[in-house]
Each structure stands twice: as C-alpha cells, then as structure tokens.
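A.B. asks: Please find the sequence and the predicted model below.
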Amino acid sequence: MGLISYLNTLAGGNIIERTYDNITRETTGLIATGGTIIDDGGFRIHIFTSPGSFVVSTLGGSPGTVEYLVVAGGGGGGGSDYVGSGGGGAGGFRTATGFPVTATTYPITVGGGGPGGPTTNNGTKGSDSIFSTITSTGGGYGAYFAIPSANGQPGGPGGSGGGGNRAPNTGGTGNTPPTSPSQGNPGGAGATAPSYGGGGGGGAGASGSPSPTSAGGNGGIGSPITWLPASYGTPGPAPGRYFAGGGGGGTYVGAPVGLGGSGGGANGAPQPVGAGSPGTTNTGGGGGGASMPIGGTGGSGGSGIVVIRYPI
C-alpha cells in the first residue's frame, strides 16, 4: 500500500493535504474568524453573544455557503399601575442553510433586550440582530394598564408581538416587518373586564396566549436548534436548544401568573413581588409582565444571539 500522510491541517480553515502513491491532492475549506469558535461533528460554529465581525479570509474550494441563526433581543414586559400587564414578545428568530458568503468582513449586530416598563408605561421593544442581509427584528413590548383612567393598551409589534392589556386591546403583531419564513408570532390579548390579567408575548414557535381571567396569559413557545451545545439556549419539549420564547403576562389578585415560553421567555410577576422576571440572556426571550401591587415593573427582555456554521 502506498504512503498515506495527512499534513498541514490549519486550525483556521481545514486545509488538508493528502498524498496517495506520490500523487498529491489538496482539499480546502472556508477559512473565517470571529466570535466563539467550536468544532463539532464536522462543522465549525461561530457564536456571537455580543457585537463583533465574521471575517471570511478565503473560500478555498468550498461552495462559499453557511448556515445561520439570527435571534433579536426580546421585548420588555409592561409595568403595572394596578393590574397584570402584558409579557414581552420574543425577538425575531431566523435560520436557514445555503446562505452565500464572499471573502470579506461581515459586521455582526447582537440586539439587546428591551427594558421592562416602569409603573405607568409599556415595556420597550428589543433591538435588532443583524448578519449580512439578514435582520431579525426586536420583540414587541408588553402593554401596561393605567389607573385611574382604566385604560389598557395593545401590545407592541415586533419579531414576535408583545402581550396586550385589557380587551379589546389585542396582542402586538408578530413577523413585523414580514419575513419568509416567518420570524415570529403575535402576542395574546389582555382579559375582558372585570378581569385584569395581561396577555402572553408571542414566541418563535407559537402565539402568546390571551389572559383567560385575571391570570396572566402564557408566552408562546420558542423554536429549537439541534446542533448547538447545551450552554446556549434553554431546554424545551423536543430535542435541541430553544430560543425566542415569549414572556408570560402579569396577574391580578392572586391569580396564577403567565408562564414564559421555552426559549428564554420569562414568567410574569408573582404576587406580592410585583416585578416581572427578565428574559434569559442570549436567547431573545421576552420579559415577564408586571403584576399587582401598584408600582410593579416589567421584566427586561433577553439579549439575542448570532450563530454561523459551515462544514470543515
């Protein structure tokens, strides 16, 4: 049998020279830097949990395509002047394979979560995450309820919509602006008087639930990625790591709180704490809505994440 040697494996780009019977064949792959780099199962994964740059130095003999996950920051839950407020919507969730790249520098934007609303304000929309031409939109804000005007508010639009407060106010629209496939879902509506629960924020995998009574509506479930390690995302009902879950709505007079959706969505505030929980960092989860007593603040949304992978 002829000589078989494996020479010159470069850490940055998988250049492998093989010699069979004095005939040299060279296989090259995409070479890039940026973010936290993990090699797993024949793929190189670049993970950005804060802004940075994905720098492609050469395409080699590869087709020059990558797979991406781009998740925006989640929206903040609404504050409470008296009753339960809407949960924040999840940040937009976009993923695809076969995305073409060239030998250049791609600035990476990782969106921050929107702050939760103080006593008499809606939460704040999350910030966008961006890779190349792919923009995931920040999650919509959760709505608050004001006393003495008894005036509820609709949830804010975004990647996924925030939960509303006091029907007929609806949850915010999801997939706004529209992408295909959809980047998210709408939030749930608030309860009808005399009930006062806030609606759940929408998630990447499902709409937020409306408040059935004075209980908070549950946040919509997020969506899974099967190829990321367990240190990223959260568990869910199916295999994989979940991202972009909606925040749960706040509650009134001891009713159950709304639960955050798998993928970093936060629970609504339990009584008598009043303040909603924050969405999980680097998941794009929505913040939890505030609850009675007066003065409750909404939970902030979780920051987003950008992940790029390609075969090596």
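C.D. replies: Here it is on my side, so go on. Residues are numbered from 1 along each chain as shown.

A.B. asks: which stretches of the stretch 201-312 of the chain form strands?
C.D. replies: Secondary structure of the stretch 201-312 of the chain by DSSP state E, counting those that start in this stretch: the strands cover 223-225, 241-243, 305-311.

A.B. asks: any idea which of the ones you listed is most buried?
C.D. replies: strand 241-243 (a mean of 29; mean count of other CB atoms under 10 Å). No exception for glycine: its C-beta is placed from N, CA and C like everyone else's.

A.B. asks: can you give me how far that strand is from the chain middle?
C.D. replies: 8 Å (CA atoms, centre = their mean, to the nearest Å).

A.B. asks: next one: stretch 219-228 to chain centre, how far?
C.D. replies: So, by CA atoms, centre = their mean, the centroid of stretch 219-228 is 9 Å from its chain's centroid.

A.B. asks: Over to stretch 198-212?
C.D. replies: So, by CA atoms, centre = their mean, the centroid of stretch 198-212 is 15 Å from its chain's centroid.

A.B. asks: what's the straight distance from one end of that stretch to the other?
C.D. replies: 9 Å (CA to CA, to the nearest Å).

A.B. asks: mean confidence score for it?
C.D. replies: Across stretch 198-212, the average pLDDT comes to 96.

A.B. asks: ok so, going back, can you list the strands of the stretch 201-312 of the chain in a markdown table and add distance to residue 250 and mean pLDDT?
C.D. replies: Shown next, in a markdown table, are those (distance: least, CB to CB, whole Å; pLDDT from 0 to 100):
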| stretch | distance to residue 250 | mean pLDDT |
| --- | --- | --- |
| strand 223-225 | 25 | 97 |
| strand 241-243 | 23 | 98 |
| strand 305-311 | 26 | 96 |
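
A.B. asks: Sketch out the low-pLDDT regions of the stretch 51-200 of the chain for me.
C.D. replies: For the stretch 51-200 of the chain, residues meeting the criterion pLDDT under 70 lie at 61-62, 146-151.

A.B. asks: quick one, strands of it?
C.D. replies: Going by DSSP E, counting those that start in this stretch, the stretch 51-200 of the chain shows strands at 52-58, 65-71, 93-100, 105-109, 129-131, 134-136.

A.B. asks: Show me what the second one is packed against.
C.D. replies: Same thing as strand 65-71. Contact partners of strand 65-71 among helices and strands, from 3 or more CB pairs under 8 Å, 6 or more residues apart in numbering; DSSP states H and E: strand 93-100, strand 129-131, strand 134-136, strand 305-311.

A.B. asks: List the strands paired with it, with their directions.
C.D. replies: Under the criterion DSSP bridges, strand 65-71 sits next to strand 93-100 (antiparallel), strand 305-311 (antiparallel) in its sheet.

A.B. asks: Could you export these as TSV, including distance to residue 284?
C.D. replies: Below are the strands paired with strand 65-71 laid out as TSV (distance: least, CB to CB, whole Å):
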stretch	distance to residue 284
strand 93-100	7
strand 305-311	7
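
A.B. asks: now for these, which one comes closest to residue 249?
C.D. replies: Closest to residue 249 of these is strand 93-100 (CB to CB; 20.5 Å).

A.B. asks: Excluding covalently adjacent residues, which one is nearest to residue 306?
C.D. replies: Closest residue in space to residue 306, ignoring its immediate chain neighbours: residue 48 at 4.2 Å, by CB to CB, 6 or more residues apart in numbering.

A.B. asks: One more: residue 253?
C.D. replies: residue 214 (5.8 Å).

A.B. asks: Report the beta-bridge partners for residue 198.
C.D. replies: Assigned bridge partners for residue 198, using DSSP bridges, are residue 165.

A.B. asks: Distance check, it against residue 204.
C.D. replies: Between residue 198 and residue 204 the distance, using CB to CB, to the nearest Å, works out to 20 Å.

A.B. asks: I'd assumed residue 110 was in contact with residue 50.
C.D. replies: Yes. Residue 50 lies in contact with residue 110 (CB atoms under 8 Å); the separation is 5.5 Å.

A.B. asks: which one of these two has more residues nearby?
C.D. replies: More crowded of residue 50 and residue 110, by other CB atoms under 10 Å: residue 110, with 25 against 14.

A.B. asks: List the contacts of the more buried one.
C.D. replies: Applying CB atoms under 8 Å, 6 or more residues apart in numbering, we find residue 110 in contact with 48-52, 73, 129, 282, 303-306.

A.B. asks: For residue 45, which three-state class applies?
C.D. replies: Secondary structure, DSSP: H, G, I helix; E, B strand; the rest coil: residue 45 is strand.
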